[in-house]
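Enquirer: Dropping the sequence and predicted coords here.
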Amino acid sequence: MAEQIERSEEPQRSAVAELRDDAASRKRFLKMAGAGAAGGLAVLFAACGGDDRSGSTASETSTPAATATETPAGMSGDLEIVNYALTLEYLEADFYAQVIDSGLVKDKKLADLAKALGQQEQEHVDALKATAEKLGGPAAEKPRTKFEDVLSGGLETVLNTAATVENLGAAAYLGAAGGIEDKDILAAALAIHSVEARHAAALNELVGRSFKGDGKLEGSLPDGAFAKGMSMDEVLEQVKPFIAS
């Protein structure tokens, strides 16, 4: 409780704190979140339009066509987070593209699932890249990936890797959420996080990740009622084996 009071007194609060304390902001956030991932991505494209860092809240009637003439104060941190997320989405989209091109997945339902997941990850890439550019850029470059060992390991290895990567993606967005200052970007990031978590849940079930004897969930699944985010350093360490030096 003391920590919450201290945060509320800070001159520049994160979007999470503003959403917690400002009823109008909460209403606006819930409206956007309720629109689903597609609505969140639309907000992401327009995120730089009209957030005034002097203390006022952007109007709900702001148009997506509005563009910032300069990077607002506090946006450098948001740009770093957007580029961090973009790097992960590049990795995920490229993974599914390589899986599909390999011809390893013979089952039509699994192949359709891989294509659907890959398409959604590519849409995340497109949205995040556009947002990074609107924030003043530059957008993160697409990393060179290395999934040869995964693909050569067979279908089971591919599915387990997909589950691991999707769980990492969900944990990454959750871990970064508290550092996002712009409420529109936060809402869109949470919309993407929801999709990543659903991807992870579907793949966890597919590969049979379940409760262990000690009552905890195995793999990268949460071991309690509340999901645990991961720091940028923790996530990048986990995906390092998939990025070519």
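Expert: Noted; the coordinates are in hand.

Enquirer: so where is the chain shaky, pLDDT-wise?
Expert: Along the chain, the parts satisfying pLDDT under 70 run over 1-76, 210-223.

Enquirer: Quick one: the helices in this protein, in order.
Expert: 2-8, 15-21, 23-33, 36-45, 75-102, 108-134, 148-152, 155-177, 183-207, 232-239 (DSSP state H).

Enquirer: Can I get these in TSV including distance to Glu141 and mean neighbour count?
Expert: From N, CA and C alone the C-beta is placed, and that goes for glycine too. As requested, the helices of the chain are arranged in TSV below (distance: least, CB to CB, whole Å; neighbours: other CB atoms under 10 Å):
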stretch	distance to Glu141	mean neighbour count
helix 2-8	35	10
helix 15-21	27	17
helix 23-33	29	15
helix 36-45	20	19
helix 75-102	9	21
helix 108-134	10	19
helix 148-152	21	15
helix 155-177	18	22
helix 183-207	20	22
helix 232-239	15	15
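
Enquirer: Select, out of those helices, the one closest to Ala140.
Expert: helix 75-102 (3.9 Å; CB to CB).

Enquirer: got the angle between the closest one and helix 108-134?
Expert: Going by axes from the mean of the first three to the mean of the last three CA atoms, to 10 degrees, helix 75-102 is angled at 150 degrees with respect to helix 108-134.

Enquirer: Distance to Phe226 added to the helices of the chain, as TSV?
Expert: Shown next, in TSV, are those (distance: least, CB to CB, whole Å):
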stretch	distance to Phe226
helix 2-8	17
helix 15-21	15
helix 23-33	18
helix 36-45	21
helix 75-102	21
helix 108-134	24
helix 148-152	30
helix 155-177	10
helix 183-207	13
helix 232-239	17
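
Enquirer: Of these, which is nearest Lys142?
Expert: helix 75-102 (4.8 Å).

Enquirer: was I right about Gly175 contacting Val235?
Expert: Yes - with contact defined as CB atoms under 8 Å, Gly175 and Val235 form a contacting pair (7.1 Å).
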